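In: dropping the sequence and predicted coords here.
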Amino acid sequence: MTKTNIRTHLLSALLLAAAASATVLANGDDKNAPVWLEQAAKAAVPTYDVKDVPAVVLLKDESVSMDGTGTLTITDRYALKVLLRGGREYAMAHAAYLQSSSKVKDFRAWLIRPGGTVKVYGKDSVLDTVSDPDDIYDEYRIKTIDAATDAEVGAVFGYETTTEEKPLFTQDRWAFQGRLPVLSSHYSLALPEGWKANSVTFNHEELKPSITGNTYTWELDGLGPIPPEPDGLSIVNLAPRIAINYYAAASNAHVYENWHDVSRWYTELSDPSLTMDDTIAGKARELTAGATTELDRIKAIAAFVQSIRYISLDLDVAHGGGHRPRPANLVLQRGYGDCKDKANLMRAMLKAVKIESHLVLIYSGDPTYVKAEWASPGQFNHCIIAVNVSADTKAATVLSSDKLGRIMIFDPTDPYTQVGDLPDHEQGSYALVTAGADGDLMKMPIIPAADNRLERQAEVTLSPDGSISGKISQQAFGQEAAYQRGKEHELSASEYKGSLEKWLSARVKGSTLTQSTPSDKKATSEFDLDLEFNAPRYAQLMQDHLMMFKPAMVGRLDQFTPIEGKRMTPLLLDASNYDETIKVKLPDGFTVDEVPDADSIQTAFGRYSSKYEVNGNMLTFTRRLELNRSIIQPSQYNEVGKFFAVVRNAEVAPVVLVKK
């Protein structure tokens with residue numbers, strides 16, 4: 001699903017621009033830095049508490065002006081000083097545009113070297129690239145100036161862009177910073193007579209604009225760095241930003257006062273694509289011929305739509321083409337479509353067997369991205385489906401709505417997640433269930449830990465020479481199964497076996513995988529895997545009468561990466577549910593001399609336990625880890641460290657055997 005504002009599209013497109021094919025533009029430009037950049041370069045840079053700040057943004061400025069026709073003229077000015085060698089990579093300028101509705105009128109950059117000399121980057125330095133080289137067709141493009149190789153420590157890099165665009169929505173977003181510190185950041189919006197603007201502030205106390213005439217300006221100065229930390233929140237949840245609505249005071253056209261308004265807009269846009277014909281109806285009846293329950297009918301249609309090839313081909317984006325699904329009968333005929341096309345086709349096929357459903361707008365990739373305080377279509381990048389179900393249909397993905405009744409959420413674009421489950425990066429996120437005036441923003445379900453788990457059993461024989469041989473039986477459910485299913489499907493047989501060998505050898509040193517048997521049980525959302533292996537020197541022999549080995553041999557549960565010093569940002573813990581039993585047949589002539597103590601710990605965010613049992617020549621080691629998806633504040637960081645210290649100690653704790 002295509003984003004509606006080209007400047008919001010830039011963030012994801014930049015990751016792909018380097019790989020895209022490029023066209024170099026023609027030559028010409030001034031030979032001196034502009035006054036605004038010279039002034040910015042003179043700013044004093046403070047000392048930061050955070051270690052190794054690579055660069056500092058001296059100025060981040062955007063001025064937006066709207067004329068009477070609704071056309072925006074956007075001028076961006078940006079200045080950055082390189083503080084460390086690693087900061088050179090930030091000396092890069094980008095300007096995104098949509099071929100059908102916008103154009104970059106001016107794009108220049110300058111580099112002021114420490115000695116004061118200036119290098120000018122004109123049209124001959126600009127690369128014009130497609131935003132996503134993997135798309136068959138994409139109206140979005142990016143212009144880039146790369147000065148990284150020239151930007152030595154102490155240099156100041158700046159650029160200025162002027163873009164014209166005709167926005168689909170009279171809304172905008174502005175992030176005052178990324179991870180780098182910023183000395184001065186401001187956004188201004190100049191509107192025609194009779195227009196007004198308001199804003200919502202995120203990750204900062206409410207920020208009111210200063211108003212001069214009909215120009216609104218939001219400003220923040222002296223913003224410190226936001227360091228990247230292991231398992232941290234995305235920058236969209238950390239950096240201060242605003243969301244802006246602007247509108248003609250005498251008219252509410254294109255103004256979304258609440259989520260019902262957005263639902264009405266998308267329903268009107270998408271409903272004409274819910275085309276029905278004999279081909280769709282016939283295919284739906286064919287797929288559900290053997291189904292005996294409502295859930296079976298939904299599963300049969302869902303599996304078919306999942307098999308439809310995913311191809312993104314957005315046309316007429318400036319007029320809503322990036323949001324409007326293609327007609328369902330056309331998608332079925334051609335055998336391909338993007339997320340909104342697949343969801344709409346599933347909706348049509350369900351309707352053919354008298355099951356109602358609704359398109360759902362969601363953000364794929366970060367369940368914390370969408371903010372309920374700002375009603376905007378621009379917060380979404382993906383489309384899934386909500387299926388009306390009766391009380392007889394039970395699933396963890398069923399929600400209750402006052403106006404829509406029981407609805408089951410499903411993503412027909414994800415080829416590995418089964419009906420009754422939801423991709424983990426969508427669980428718990430806000431999403432808009434579109435159903436005209438009855439649609440609303442809803443919190444997506446979070447699948448219970450019991451439905452999303454990994455169970456592993458191992459039976460191992462330990463020989464007197466320290467070698468081991470054994471088998472591992474693993475059962476994955478829910479999203480654990482989806483991950484395993486995707487891995488087995490996307491790799492060739494030899495690649496898949498190689499990945500298993502790599503996984504095993506990283507945990508059991510010197511091991512050899514002798515047999516692997518995957519088994520995909522889609523009907524129960526389960527994926528099983530059986531392995532057989534041996535390792536010639538697993539246990540350590542000492543002084544000819546002692547043997548030492550670690551029973552926690554086939555899986556690491558340490559999901560915590562400690563950092564030095566004080567943590568600055570919240571920690572995001574992913575949900576996890578793991579249960580393991582390892583049975584070790586002890587070698588003849590040896591007896592157990594020492595086993596680690598049983599261990600357990602329970603906190604608000606998770607629990608862990610491990611224990612050992614010895615019965616004759618059989619040692620049984622069991623452990624269980626259950627984590628809740630949690631956001632841990634920096635002040636609680638030490639509690640997480642203590643929790644995983646218990647887990648880590650259990651993993652490295654050895655059992656000691658002695659000769660009889």
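Out: Now that the structure is in, tell me what you want to look at.
In: CA atoms only for stretch 387-406 - export them in CSV, please.
Out: What follows is stretch 387-406, C-alpha atoms only, in CSV (Å, rounded to 0.1, in the frame of the first residue of the first chain):
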residue,chain,number,x,y,z
VAL,A,387,-13.9,-11.3,8.8
ASN,A,388,-17.3,-11.3,10.5
VAL,A,389,-17.7,-14.7,12.3
SER,A,390,-20.4,-16.3,14.4
ALA,A,391,-20.0,-17.5,18.0
ASP,A,392,-19.2,-21.0,16.7
THR,A,393,-15.8,-19.7,15.3
LYS,A,394,-13.2,-19.6,18.0
ALA,A,395,-9.8,-18.0,17.4
ALA,A,396,-7.2,-15.9,19.3
THR,A,397,-7.6,-13.2,16.6
VAL,A,398,-11.3,-12.6,17.1
LEU,A,399,-12.3,-9.1,18.4
SER,A,400,-15.6,-7.8,19.5
SER,A,401,-17.0,-4.5,18.1
ASP,A,402,-20.1,-2.8,19.3
LYS,A,403,-21.2,-2.1,15.7
LEU,A,404,-19.6,-4.8,13.7
GLY,A,405,-20.0,-7.8,16.1
ARG,A,406,-17.3,-10.5,16.2
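In: hmm, who's touching that stretch?
Out: The contact list for stretch 387-406 (CB atoms under 8 Å, 6 or more residues apart in numbering) reads 293-295, 298, 350, 355-358, 386, 407-410, 419-422, 433, 435, 438, 440, 442, 444-445, 447-448, 451. Where C-beta positions appear, they are placed from N, C-alpha and C, glycine not excepted.
In: in PyMOL, how would I select just the buried ones from the residues you listed?
Out: Buried members of the contacts of stretch 387-406, defined by 16 or more other CB atoms under 10 Å, are picked up in PyMOL with:
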select buried, resi 294+295+298+350+355+357+358+386+407+408+409+410+419+420+421+422+433+435+438+440+442+444+445+447+451
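In: list the ones among the contacts of stretch 387-406 that fall in helices.
Out: 294-295, 298, 350 (DSSP state H).
In: make a markdown table out of these and add distance to Arg326 and pLDDT.
Out: Below are those laid out as a markdown table (distance: CB to CB, whole Å; pLDDT from 0 to 100):
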| residue | distance to Arg326 | pLDDT |
| --- | --- | --- |
| Glu294 | 27 | 97 |
| Leu295 | 28 | 97 |
| Ile298 | 22 | 98 |
| Leu350 | 17 | 98 |
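In: can you list those residues in a markdown table and add distance to Gln540?
Out: Below are the ones in helices among the contacts of stretch 387-406 laid out as a markdown table (distance: CB to CB, whole Å):
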| residue | distance to Gln540 |
| --- | --- |
| Glu294 | 58 |
| Leu295 | 53 |
| Ile298 | 55 |
| Leu350 | 60 |
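In: and these, which is closest to Leu189?
Out: The closest of the ones in helices among the contacts of stretch 387-406 to Leu189 turns out to be Leu350 (CB to CB; 43.4 Å).
In: so that closest one touches Ile298, yeah?
Out: Yes: contact criterion CB atoms under 8 Å: Leu350 and Ile298 qualify, at 7.0 Å.
In: which residues of the protein fall in helices?
Out: Under the criterion DSSP H, the chain carries helices at the ranges 6-17, 35-41, 259-270, 278-287, 294-307, 328-334, 339-352, 478-490, 493-507, 637-652.
In: for stretch 507-525, buried residues please.
Out: Residues of stretch 507-525 classed as buried: 508, 511, 513, 516, 518, 525 (neighbour count, 16+ other CB under 10 Å).
In: now for these: which two are most distant?
Out: The widest separation within the buried residues of stretch 507-525 (CB to CB) is 29.8 Å, between Ser511 and Ser525.
In: below-threshold pLDDT in the chain: ranges please.
Out: Residues of the chain meeting the criterion pLDDT under 70: 1-30, 100, 130-139, 250-254, 313-322, 555-556, 558-559.
In: would you map out the domains in it?
Out: 7-248, 259-447, 450-659 (automatic domain parsing).
In: quick one: distance of the first one to the chain centre.
Out: Think domain 7-248. Relative to its parent chain, domain 7-248 has a centroid offset of 23 Å by CA atoms, centre = their mean, to the nearest Å.
In: now the shortest one
Out: Distance of domain 259-447 from its chain centroid, counting by CA atoms, centre = their mean, is 19 Å.
In: and the end-to-end length of that domain?
Out: With CA to CA, to the nearest Å as the measure, domain 259-447 spans 25 Å from end to end.
In: next one: the last one
Out: According to CA to CA, domain 450-659 extends 42 Å from its N-terminal end residue to its C-terminal end residue.
In: before we move on, back to that, let me know the closest of the ones in helices among the contacts of stretch 387-406 to Thr461.
Out: Distances from Thr461 to the ones in helices among the contacts of stretch 387-406, taken by CB to CB, are shortest for Leu295, at 44.0 Å.
In: so what's that closest one up against?
Out: 389, 392-395, 419.
In: wait, Leu441 touches Ala372, no?
Out: Yes: between Leu441 and Ala372 there is a contact under CB under 8 Å: 5.8 Å.
In: overlap of the contact sets of these two?
Out: By CB under 8 Å, 6+ apart, the residues touching both Leu441 and Ala372 are 259, 430.
In: the more surrounded of those two?
Out: Neighbour totals were compared for Leu441 and Ala372, and Leu441 leads with 19 against 11 (other CB atoms under 10 Å).
In: now the more buried one: closest residue in space that isn't a chain neighbour?
Out: Trp259 (4.2 Å; CB to CB, 6 or more residues apart in numbering).
In: show me what contacts that neighbour?
Out: Applying CB under 8 Å, 6+ apart, we find Trp259 in contact with 372, 375, 432, 439-441.
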